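**Q** need a structure here:
(2 chains)
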Number of protein chains: 2
Amino acid sequence: MQTPPWESTQHSLQQTIEARLLAHTQNRWGHVPARLAESMAYSLLDGGKRMRPILCLGFAQALGPLQPCAYDAAMAVEMVHCYSLIHDDLPAMDDDALRRGRPTNHKVYGEAMAILAGDALLTEAFAVLSGPLGAPLSAEESGIRACLCQELAVAAGALGMVGGQVLDTDEGRPAELAYLLRLHKMKTGALIKAACRMGVLAAGGNAQALHAAETYGEAIGLAFQIADDLLDVVATPEAMGKPTGADAAAGRATFPAILSFEKAQAMAREQVDMALAALGQVEPTPGLLAGLARFAVERKH
Amino acid sequence: MQTPPWESTQHSLQQTIEARLLAHTQNRWGHVPARLAESMAYSLLDGGKRMRPILCLGFAQALGPLQPCAYDAAMAVEMVHCYSLIHDDLPAMDDDALRRGRPTNHKVYGEAMAILAGDALLTEAFAVLSGPLGAPLSAEESGIRACLCQELAVAAGALGMVGGQVLDTDEGRPAELAYLLRLHKMKTGALIKAACRMGVLAAGGNAQALHAAETYGEAIGLAFQIADDLLDVVATPEAMGKPTGADAAAGRATFPAILSFEKAQAMAREQVDMALAALGQVEPTPGLLAGLARFAVERKH
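**A** Down below sits the predicted model:
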């Protein structure tokens, strides 16, 4: 069976990101205290799906040749995602021992180092995003980089990802659809949307392209989250690389728990349709971005 | 007795910073989950000395009228300092119950919220620094803001503050002056130096002014740290707002422990002299910056 073209694009972008992240740890972390650099790299180079940086580069390359700031935006988004996983796994938060089939950061390096590695990765994202060290930038690129920093900071902070995490850890949270939607829009949606928008910003895209990235990002962010909830019900621990059935065991208010499994499935498919419709002029012929949108609900892990 | 002029300048800048930080929490955090906003504000508005933002504004106003990005740089530096204190106080780190005479963040809001409040303040620093939300920036200001983001990110991250914290928590650390100097240069010096440099960058200062800010910042950063170590030996808990004598009780390798009390005092004074000498053209007549340098070693708390 021939690999569909969008999957080879995805694979090639994923390899590019892996190579850039590896080169970054090698070129920039030589003077970082060794144990800290090791702890940061343990989580950053852990073979994740790289969905956010792929979306970022996907939008950027749909609009023209990839510029240095698009690669930097992709790396920065992944660093923020990575830090959030390290902190989410901490004993005081979700207290998870496994992540993608490996011991979590604090299980290997201890709690203090995991907190600091997360802090350092979050900070590093903005070091990367603000420009190459010591190199002067054109006025155009400075403007783009200031916008990229703002986009990422707003999406990742108290009004976005961190705020969503707070809503998620609220023990008195209501088991209501509106609350769940707000929670996931902030906790996972904001960063996915930002990844898409940052690709457009890095490519110097217009307001129409930004709007498309926003609609697409919001929709597939939600579709991915609903699919995660559905997979926790039906997937095997082997396929997921972590225990499954945890949501139901904990009595957690998930999309299938609140809506029913079938209605949650339908809602995820609706979101994918919205994402595909938004692509219009950014990707007129279905390619990577359309493929990823479908993958959000069709994946088995 | 008449208040020396530099102290009234310091007081006025401190009030400006308090007012800006308060306005920021009121204007920008309205949609942040309430408990998170409360936890962030608890630590950010706790009446600290505001030394870093005062240094930032001090350098900026020595070079011309204060611009919006100077105020934003000052707030961002304080947010980073504040986040670092919240995380340093956590049970997995220094496990401190008191900070400036009040319960630490995690004692009031719990460990998970303290981790998240710290994460959010760090992220917010870059949201503030990258520009006013949704407002277009001139090419010049974009360039300055991209530089400010980079300056702060490098100083606060794995090569600076976070890296220094790792060195400080290393249980097998050698009791050597060279190690202690490297540790403090990263842990506290990098952010103080960045605060000074960011003031110059925000004011569009030249390379000479940047160099002066760097020398001054490094020297008073070290002087402050040595003075902290000395105060832990001689100050009262009431004056410090926290228990004293903790370094000696823990057998910690401090400047007085390694050098002797008198030699550490002399080293702090040397640093102050270096800082004063660097000021030259930035502050030709001794004012705020000279006063702060002397205060570093003359303070009683």
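**Q** contacting residues around the closest residue to residue A:137 other than its chain neighbours?
**A** Nearest non-adjacent residue to residue A:137, counting by Cβ to Cβ, 6 or more residues apart in numbering or on different chains: residue A:131, 5.2 Å away. Backbone N, C-alpha and C define where each C-beta goes, glycine included. Each residue near residue A:131 by Cβ atoms under 8 Å, 6 or more residues apart in numbering or on different chains is listed here: A:72, A:137, A:141-142, A:145, B:146-147, B:150.
**Q** check which helix or strand the residue nearest to residue A:40 when sequence neighbours are not counted maps to.
**A** The shortest distance from residue A:40 to any non-neighbouring residue, by Cβ to Cβ, 6+ apart, is to residue A:117 (4.8 Å). Per DSSP states H and E, residue A:117 falls inside helix A:111-129.
**Q** helices or strands up against the next helix or strand along the chain from that helix?
**A** Next along the chain after helix A:111-129, taking DSSP H and E as the criterion, comes helix A:139-156. Under the contact criterion of 3 or more Cβ pairs under 8 Å, 6 or more residues apart in numbering or on different chains; DSSP states H and E, helix A:139-156 touches helix A:68-88, helix A:111-129, helix A:190-202, helix B:111-129, helix B:139-156.
**Q** to residue A:5, which of those helices lies closest?
**A** helix A:190-202 (19.1 Å; Cβ to Cβ).
**Q** would you mind writing the CA trace of that closest one as CSV?
**A** Presented in CSV, the C-alpha positions along helix A:190-202 are these (Å, rounded to 0.1, in the frame of the first residue of the first chain):
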residue,chain,number,x,y,z
ALA,A,190,-4.8,27.5,23.1
LEU,A,191,-1.3,26.1,22.4
ILE,A,192,-2.5,24.1,19.4
LYS,A,193,-4.2,27.2,18.0
ALA,A,194,-1.1,29.3,18.7
ALA,A,195,1.1,26.7,16.9
CYS,A,196,-1.0,27.1,13.8
ARG,A,197,-1.1,30.9,14.0
MET,A,198,2.6,31.1,14.7
GLY,A,199,3.2,29.3,11.4
VAL,A,200,1.2,31.9,9.6
LEU,A,201,2.9,34.8,11.5
ALA,A,202,6.4,33.3,10.7
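**Q** which secondary element of chain A has the worst mean pLDDT?
**A** helix A:237-240 (a mean of 72; mean pLDDT, DSSP states H and E).
**Q** show me what the very next helix or strand once past that helix is packed up against.
**A** Heading C-terminal from helix A:237-240, the first helix or strand you meet, by DSSP H and E, is helix A:246-249. In terms of contacts (3+ Cβ pairs under 8 Å, 6+ apart), helix A:246-249 is packed against helix A:207-234.
**Q** report the angle between the helix it packs on and helix A:190-202.
**A** 150 degrees (axes from the mean of the first three to the mean of the last three Cα atoms, to 10 degrees).
**Q** chain center to helix A:207-234: distance?
**A** The chain centroid and the centroid of helix A:207-234 are separated by 11 Å under Cα atoms, centre = their mean, to the nearest Å.
**Q** do that helix and chain B meet at all?
**A** No: Helix A:207-234 does not reach chain B (Cβ under 8 Å from any Cβ of the partner chain); its nearest approach is 12.5 Å.
**Q** quick revisit: quick one: list the elements packing against the least confident helix or strand of chain A.
**A** Using 3+ Cβ pairs under 8 Å, 6+ apart as the contact criterion, no secondary-structure element is in contact with helix A:237-240.
**Q** for that helix, buried residues please.
**A** For helix A:237-240, the neighbour count (16 or more other Cβ atoms under 10 Å in any protein chain shown) marks residue A:240 as buried.
**Q** what's the residue lying closest to residue A:52 once chain neighbours are set aside in contact with, if anything?
**A** In space, and not counting its chain neighbours, residue A:52 is closest to residue A:195: 4.1 Å by Cβ to Cβ, 6+ apart. Going by Cβ under 8 Å, 6+ apart, residue A:195 touches A:52-53, A:55-56, A:74, A:77, A:217.
**Q** quick revisit: among the helices and strands packed on helix A:139-156, which is nearest residue B:172?
**A** helix A:111-129 (13.8 Å).
**Q** what about that closest one, distance to the chain center?
**A** When distances are taken as Cα atoms, centre = their mean, helix A:111-129 is centred 16 Å away from the chain's centroid.
**Q** again, but for stretch A:30-39
**A** Offset of stretch A:30-39 from its chain centre (Cα atoms, centre = their mean): 24 Å.
**Q** do it and chain B meet?
**A** Yes: Stretch A:30-39 is in contact with chain B by Cβ under 8 Å from any Cβ, via A:31-33, A:35-37.
**Q** and those, which of them are buried?
**A** The neighbour-count criterion (16+ other Cβ under 10 Å) marks A:32-33, A:35-37 among these as buried.
**Q** return the subset of those residues lying in helices.
**A** Those of those mapping onto helices are A:35-37, per DSSP state H.
**Q** low-confidence bits of the stretch 101-250 of chain A, can you list those?
**A** Low-confidence segments of the stretch 101-250 of chain A, defined by pLDDT under 70: A:241-242.
**Q** still on that earlier bit, ok, which pair from the contacts of residue A:131 is furthest apart?
**A** A:72 and B:147 (15.2 Å).
**Q** now residue A:184: which helix or strand?
**A** Assessed by DSSP H and E, residue A:184 sits inside helix A:177-184.
**Q** now do that helix: which elements does it pack against?
**A** Helix A:177-184 sits against helix A:161-169, helix A:207-234, helix A:255-259, with contacts defined as 3+ Cβ pairs under 8 Å, 6+ apart.
**Q** dump those helices to JSON lines, plus distance to residue A:271 and mean neighbour count.
**A** Converted to JSON lines, the helices and strands packed on helix A:177-184 look like this (distance: least, Cβ to Cβ, whole Å; neighbours: other Cβ atoms under 10 Å in any protein chain shown):
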{"stretch": "helix A:161-169", "distance to residue A:271": "17", "mean neighbour count": "24"}
{"stretch": "helix A:207-234", "distance to residue A:271": "4", "mean neighbour count": "21"}
{"stretch": "helix A:255-259", "distance to residue A:271": "11", "mean neighbour count": "19"}
